[in-house]
Structures are given as structure tokens and as C-alpha cells.
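Give me a model of this one.
(2 chains)
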Number of protein chains: 2
Amino acid sequence: MLSWSRSGIALAAMLLVSVATAAETTDPLPSWVDGPTKQTITTFVQEVTDEDGADYVAPADRIAVFDNDGTLWAEKPVYFQLLFAIDRVRALAPEHPEWKDKQPFKAAIEGDMKALAESGKEGLMELLKASHAGMSTQAFQKTVTEWLEDAKHPKSGRRYTEMVYQPMLELLEYLRANGFSTYIVSGGGIEFVRTFSEPVYGIPPTQVVGSSIKTKYEVIDGVPTLTRLPEMNFIDDKAGKPVGINQHIGKRPILAFGNSDGDYEMLEWTTAGEGPRIGLIVHHTDADREFAYDRDSHVGRLDKALDAAADKGWVVVDMKNDWTDVFTPEP
Amino acid sequence: MLSWSRSGIALAAMLLVSVATAAETTDPLPSWVDGPTKQTITTFVQEVTDEDGADYVAPADRIAVFDNDGTLWAEKPVYFQLLFAIDRVRALAPEHPEWKDKQPFKAAIEGDMKALAESGKEGLMELLKASHAGMSTQAFQKTVTEWLEDAKHPKSGRRYTEMVYQPMLELLEYLRANGFSTYIVSGGGIEFVRTFSEPVYGIPPTQVVGSSIKTKYEVIDGVPTLTRLPEMNFIDDKAGKPVGINQHIGKRPILAFGNSDGDYEMLEWTTAGEGPRIGLIVHHTDADREFAYDRDSHVGRLDKALDAAADKGWVVVDMKNDWTDVFTPEP
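Numbers count the residues shown, from 1 in each chain, chains lettered A, B, ... in the order given. All right, here's what the predicted structure looks like:
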């Protein structure tokens, strides 16, 4: 029979407590429910980092790409960059009296989202030009930074940079701790996303891929300037995502995370390569804590990619059941 | 009076020897002549890395950009990528019997550089399309890699990847050891340079900026493929260099190194920013060890930037007098 002295029991109890504490503090994904989804992610990371394993991947090739809207931060009621464009048009309206009778500006100024939607692609392009072009890259960055500081999400009342998913922040950090390079590959504007990618996600500007308008280098009054032009340069969405990845990164990722049909080709390109690969999709299933939408949504429609997931082996992350927390805690 | 035991003297001598050896082995730029140019470079690096100094720059902002042709490797008699295009056209000629009577292909096949030059920009574009487009990115990379393995420089008989400047390799390594991120910003093709940037310069594909043709994502016989199209996407030269830097890096560099007027705007953009900045130019002054050319050269013309250097404070590196060695040693 095993006998314990009182001090021995106390010591054992202390050890157990410290083991439990260590286990708690070292879970790199505390906002992910312990279950098959989390297990699939951690197993993948363990396999590609195991130097003696068959699926080992050198750190230089551990490239992980993330969509932004709906994957790292929310995208409802509409893309936040569109809300920036609307606010920007309102701020500039006093200098443009003609806008109050002209669509899509009238709709933007009046907050008439229905009329704005009816203005179609051409209307959105007009809005984009008025809000995103005709200034230097530095001036644009300053405007976006100031907007992000002040503007509030219409439903939560929180800053947009607080509408980011806590489980995804943990995943980004966990991947980097395991030698991955983390990239954003967004349909949104590259210069827009770059203004907050480093403080919010720990992703430096150089690791952001996105849509862009053309810029022109010129010396204005003796000052070298990059001027943003009202002309599309590249649309980083759908089949554009693998193109953007190749252009910027020059390597095929081994992990891709998206949430909509706009990410289909990025997931397909990533997971079709040789060696270990993983594709993941955030499925917005949580109307209480966030929003619930997929096949019928105008923003972030998830239809074709949801159908393909089983066949392609992509992991569908169920927001309601796989995440213990959704947003980062209130400060 | 100080008295030394014999063992004490021996110990002191050993210490002096080891100090001298340490000083020798720790010179990070052994192929640079000790003099004002080298001093300017090392002083700049010391200042931006001195946490207590007025000119300290955080590692995340220590971005250094390097032109490739004529700055990191040689560019004479003509850009090496043009020699690749010519060799490629010759290799493909049996499949294109019509080329033997059609310019610029006839000139390429016959090695008639005068006729090739006379075919002008349109001719070069035809050559580019025939040699660089119409295949997948993977197939192109394989072709370039195989060419670099076999092809020899017409003057030296060495591989093109051995026509790199030893002092520049030391500088790249020295900068990285001091927390800099090193980038190539080349007028050459981004996919061409990426095939050798990592093994030759220690610069990963994601840190290469260059000219590009368009690519298209498509699934061919069930295989996701990026196909290279015969259409220019971006020309990363002259005023295109600051545009390419902004698009890829998203930050203004603090160090730029070029060798021709094609680098003028990159040097201007880099050195016009706030805080400590340095611009450097390789001046090809060494006909014995390499080539001597500047204002009148068709390839790598250095005229406007040479005139501006004094006024702008750019450092002109005199190859003949500032470098003890030019090329990397024969293996």
C-alpha cells in the first residue's frame, strides 16, 4: 500500500495544480472548442513541423493565407470598406454640392443603401473613385487610420478593428509560433487593409495582398509623391486570388482560410499542390453572437465552396459550435 | 615599473593575436576597400541600429532595396534575361520553321545582335512573348532553372549565377545580420529573378519585385494552373520602381542601391523620406576586372543619376577603387 506523508500530499497537489495551470496556459487556441475541427488544425501543424515526419515542411514554405472580410473580421451588414467610402463621400460632400442630386453620391449621403445597391457596379466604382483616388498614398493612409479610430459598427457600436474574430487572432499567432508566415489575401483594397494589418493581426504591410487601383509616381512641388489614380489595377477576388498570391508571394501556400465563394480558387490552388495541405472555411452559423448567412447572402455568399468542401477535403469551421468566443473581448 | 612574467607575456601575446584575428574575421565587408565609401555604409548601419541614437530605425522599417542587373550581377554584353530569351527561341526553333525567315526570330537564331537591336521594342516584345509566355508558371521556372544550370557567360565562361558581385553579397548579408529586410527591385522579370534569388542572394521569392506579364488562373484537365499570357502586366523600371515598391512592400525603403538611370526614381523616392536614408550607385569603372561604362552605354546607362548624385547626397561606389574583389571566387 502506498503511503503519503502530509507534506508529500501537499507537494503532489501543488504539482497537479501547476501541471493543470501549465496545460491551460499553453493551449494556443483557447477560443476554439476542443473537438474535431481544432484537432484537425493542431494535427496539421504538428505534422508539418515534425522534422522526422513524412509531412515535414521547411519553415520557408510554411505559407498561410487568410481572406479578410468574413474570415478575420466581420463583413455585415456590408463590407466595412464600403462604409468607409460612404463616410468619406459624406465628409467630402460640402466641397461637392453637385453630389446631392447625383447618384450614387445622393444615396451615400442620405444613407439609402437600397438606392446605392441599385446603382450597381458602375455606381460603386464612382464611389470608389471619389473616396479612394486623387490623393497621395500617404494622405489616403492617414484618412483610413483616422476613420478606423472614430467610426463605429452600426450593430455592435464597437470600432471596426474590434470586430475581429478572437479564434482567428489565436490561430495567426499559433501558426507564426510554429514557423509559418501569415498573409492576408483580400478582395478588399491592399492599402486599406495595410493601415491596420500589423497592429490588429500582427501581419506587416508587405504580407498583405489585395485589390488595387493604379498609382503614379511624380514629383509635385519638389516632393516625390505616389498619387492614387481613379483606375482599377487588380481585382484580388475569385480567380484573381491565385494570381495575386503568385505575384506577391511567389510560392504556393500550404494553408488557406476563407469564408465565401470568392475564396474558392484560393482554396483550390492551395490544396491542389503536392505534400501536406489544408483548406478551411468559416461558416457563419451564429445569429446570436454574430450573423448567420451562407448561400443566399449578397455579401460573403458561400454556396459553391460549401458544396465542394466535402469532396475537396476542406474543413468547414462552424462558428456556433467550433468557437467558444467570437469577437475579441471588450477592452 | 610594471613587470611581466614570461607566462604573462605569452598570455598577453596570445590575447593580442586573438583580438587581431577576431577583428579580421569579423570585418563584414572584406571585399570593400577600407575608405570613405565603406565607412559611409558601416556608419549608416551603426546609426540606424543604435537604440540610443537619434537615427535609430526599428527593424520592421529597415527595408533595403537593390536593383539586380548591374547592381547585384553583371549586365554586359546585354541583360542576361535577353540571352535566356535568345537561347529559348533557338531551343524552340525546330517547332517553328517559319521563324528562320521572320524577324526578330531569324536574328535571335543566327545570333545577329545588330539585327536584333534594329527590331526595336516591338521585336523584343515578340521575343519575350515567344520565350516567356504560353506555359504554366511552374514550367517557366523549370526552364529558367535548367538554363541557369547550363548556360555560360560569353566573356568569362562562368555560369550567370557566378557573375554576381562578391562585395554586394557581403553587403546583403551584413544588412540582414543588422536586422534589415533585403529586397530586389528589378526591371527584369519577377519570375525570372525568383528562380535564383534565394540560393544566390539569400533573398526569398516574396522579397523580389520586378516586371511581369499577366497570368491567368484556370483548371486544365483537372489541374489548377497559372498560365503566363503574352501581355505585359507591369514594367518595374524608372518611375515604375517606386510604384512596384509600394505595391509589394507597402513601406518606403531606407536604403536603395542601383547602378543606372533606371534606378533614379527608386533612389529619389527612398532618399526623400524622413529620417536617416541612404542611396548608393555602382559605377562600373573597371574594364580590367569587369566592364567600364556609364553615360554612353545602351545597357545600364548611368547619366542623369550620376549628375544628380552629388546634389542628392547619393554615394557613388567606384568599382575599381572601392572593391578589392569583383566577382565571387571560382568554385
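
Mind listing what's buried along stretch A:225-235?
Neighbour counts over stretch A:225-235 (16 or more other Cβ atoms under 10 Å in any protein chain shown) mark A:225-228, A:233-234 as buried. To be clear about C-beta, it is placed using only N, CA and C from the backbone, and glycine gets the same treatment.

ok, now which ones touch residue A:69?
A:75, A:79-81, A:186-188, A:259, A:299-300 (Cβ atoms under 8 Å, 6 or more residues apart in numbering or on different chains).

ok, now with 7 Å
The neighbours of residue A:69, taking Cβ atoms under 7 Å, 6 or more residues apart in numbering or on different chains as the test, are A:75, A:79, A:186-188, A:300.

now residue A:64, nearest residue through space, not along the chain?
residue A:255 (4.0 Å; Cβ to Cβ, 6 or more residues apart in numbering or on different chains).

pretty sure the one you found is touching residue A:278, no?
Yes: look at residue A:255 against residue A:278 with Cβ atoms under 7 Å: they come within range, at 5.2 Å.

so who does residue A:119 touch?
A:103-104, A:107.

Now pLDDT too, for those, in CSV please.
Below are these laid out as CSV (pLDDT from 0 to 100):
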residue, pLDDT
A:103, 94
A:104, 95
A:107, 95
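
Which one of those is nearest to residue B:217?
Of all the contacts of residue A:119, residue A:104 has the smallest distance to residue B:217: 30.8 Å, by Cβ to Cβ.

Please report how far the residue nearest to the spatial centre of chain A lies from residue B:206.
With distances taken as Cα atoms, centre = their mean, the residue of chain A nearest its centroid is residue A:68 (2.0 Å). For residue A:68, the distance to residue B:206 equals 18 Å [Cβ to Cβ, to the nearest Å].

quick one: contacts of whichever strand or helix holds residue A:146?
Residue A:146 belongs to helix A:137-150 when elements are defined using DSSP states H and E. Helix A:137-150 is contacted from outside by A:84, A:87-88, A:132, A:159-161, A:191-192, A:195-196, A:215, A:226, A:228, B:246, using Cβ under 7 Å, 6+ apart.

coming back round to it: looking at the buried residues of stretch A:225-235, which is nearest chain B?
residue A:226 (5.5 Å; Cβ to the nearest Cβ).

average pLDDT for the helix or strand that contains the closest one?
Residue A:226 belongs to strand A:223-234 when assigned by DSSP H and E. Across strand A:223-234, pLDDT averages out at 97.

and the residue nearest to residue A:64, how many residues sit next to it?
Applying other Cβ atoms under 10 Å in any protein chain shown, we find 25 residues neighbouring residue A:255.

just to revisit the earlier point, going by neighbour count, which of the contacts of residue A:69 comes out on top?
That'd be residue A:186 among the contacts of residue A:69, by other Cβ under 10 Å, with 28 neighbours.

Walk me through which strands the one helix or strand it maps to pairs with, and which way each runs.
Counting by DSSP H and E, the element that carries residue A:186 is strand A:181-189. Paired neighbours of strand A:181-189 in the sheet (DSSP bridges): strand A:63-66 (parallel), strand A:208-220 (parallel).

ok now it, how far from the chain's centre?
7 Å (Cα atoms, centre = their mean, to the nearest Å).

before we move on, back to that, so what's the residue nearest to residue A:64 scoring on pLDDT?
Predicted confidence (pLDDT) for residue A:255: 98.

what about it, distance to residue A:324?
Taking Cβ to Cβ, one finds residue A:255 at 22 Å from residue A:324.

same check, this time on residue A:58
33 Å.

So these two - more neighbours on which side?
Shown here are residue A:58 and residue A:324; by other Cβ under 10 Å, residue A:324 has more neighbours (12 against 9).

What values do phi and psi take at the residue nearest to the more buried one when sequence neighbours are not counted?
Once flanking residues are discounted, residue A:324 sits nearest to residue A:31: 5.2 Å by Cβ to Cβ, 6+ apart. Residue A:31 adopts backbone torsions of phi -90, psi 10, taken as degrees, to the nearest 10.

Residue A:31 - how many residues pack around it?
Residue A:31 has 20 nearby residues by other Cβ under 10 Å.

wait, doesn't it sit right on residue A:327?
No: applying Cβ under 7 Å as the test, residue A:31 and residue A:327 come out as separate, 9.9 Å apart.

Find residues that contact each of those two.
With Cβ under 7 Å, 6+ apart, residue A:31 and residue A:327 have common neighbours residue A:166.

Now do the helices in the stretch 51-200 of chain A.
A:80-92, A:105-110, A:113-118, A:120-132, A:137-150, A:166-177, A:190-196 (DSSP state H, counting those that start in this stretch).

can these go into CSV with extra columns for mean neighbour count?
Shown next, in CSV, are the helices of the stretch 51-200 of chain A (neighbours: other Cβ atoms under 10 Å in any protein chain shown):
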stretch, mean neighbour count
helix A:80-92, 19
helix A:105-110, 20
helix A:113-118, 14
helix A:120-132, 17
helix A:137-150, 15
helix A:166-177, 18
helix A:190-196, 24
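
Adding distance to residue B:284, write those helices out as CSV.
Formatted as CSV, these follow (distance: least, Cβ to Cβ, whole Å):
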stretch, distance to residue B:284
helix A:80-92, 47
helix A:105-110, 55
helix A:113-118, 58
helix A:120-132, 43
helix A:137-150, 34
helix A:166-177, 42
helix A:190-196, 36
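
Next one: residue A:256 relative to chain B, how far apart?
Distance of residue A:256 to chain B, computed by Cβ to the nearest Cβ, to the nearest Å: 12 Å.

Check the spatially closest residue to residue A:196 that is not a sequence neighbour and give its pLDDT.
Closest residue to residue A:196 apart from its sequence neighbours, by Cβ to Cβ, 6+ apart: residue A:161 at 5.4 Å. Note on residue A:161: pLDDT of 97.

Let me know the distance separating residue A:222 from chain B.
From residue A:222 to chain B the distance is 9 Å (Cβ to the nearest Cβ).

actually residue A:53, sorry about that
The value you get for residue A:53 to chain B, if Cβ to the nearest Cβ is used, is 24 Å.

hang on, isn't that residue packed against residue A:47?
Yes: in this structure residue A:53 lies within contact range of residue A:47 using Cβ under 7 Å: 5.7 Å.

For the stretch 51-200 of chain A, what lies in contact range of chain B?
A:60, A:137, A:194 (Cβ under 7 Å from any Cβ of the partner chain).

and the residues you listed as a markdown table, adding pLDDT?
A markdown table is the format used below for these (pLDDT from 0 to 100):
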| residue | pLDDT |
| --- | --- |
| A:60 | 96 |
| A:137 | 97 |
| A:194 | 98 |
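
Which positions in stretch A:322-331 come out as buried?
A:322-323, A:326-328.

can you check stretch A:262-278 too?
Here stretch A:262-278 shows A:262-272, A:277-278 as buried, counting by 16+ other Cβ under 10 Å.

ok, and of those, which contact chain B?
Answer for the buried residues of stretch A:262-278 near chain B (Cβ under 7 Å from any Cβ): A:265, A:268-269, A:272.

Would you format the residues you listed as a markdown table with secondary structure included?
What follows is those, written out as a markdown table (DSSP: H, G, I helix; E, B strand; the rest coil):
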| residue | secondary structure |
| --- | --- |
| A:265 | helix |
| A:268 | helix |
| A:269 | helix |
| A:272 | coil |
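
out of those, who's nearest residue A:307?
Nearest member of these to residue A:307, counting by Cβ to Cβ, is residue A:268, at 12.9 Å.

quick one, what contacts the residue nearest to the closest one when sequence neighbours are not counted?
In space, residue A:268 comes closest to residue B:224 once its chain neighbours are excluded; the distance is 5.4 Å by Cβ to Cβ, 6+ apart. When contacts are counted by Cβ under 7 Å, 6+ apart, residue B:224 touches A:268-269, A:272.

Any figure for the gap between residue A:30 and chain B?
Applying Cβ to the nearest Cβ to residue A:30 and chain B gives a distance of 28 Å.

again but with residue A:147, I slipped
Distance from residue A:147 to chain B, by Cβ to the nearest Cβ: 19 Å.

quick one: low-confidence ranges for the stretch 101-250 of chain A?
By pLDDT under 70, the stretch 101-250 of chain A has no low-scoring segment.
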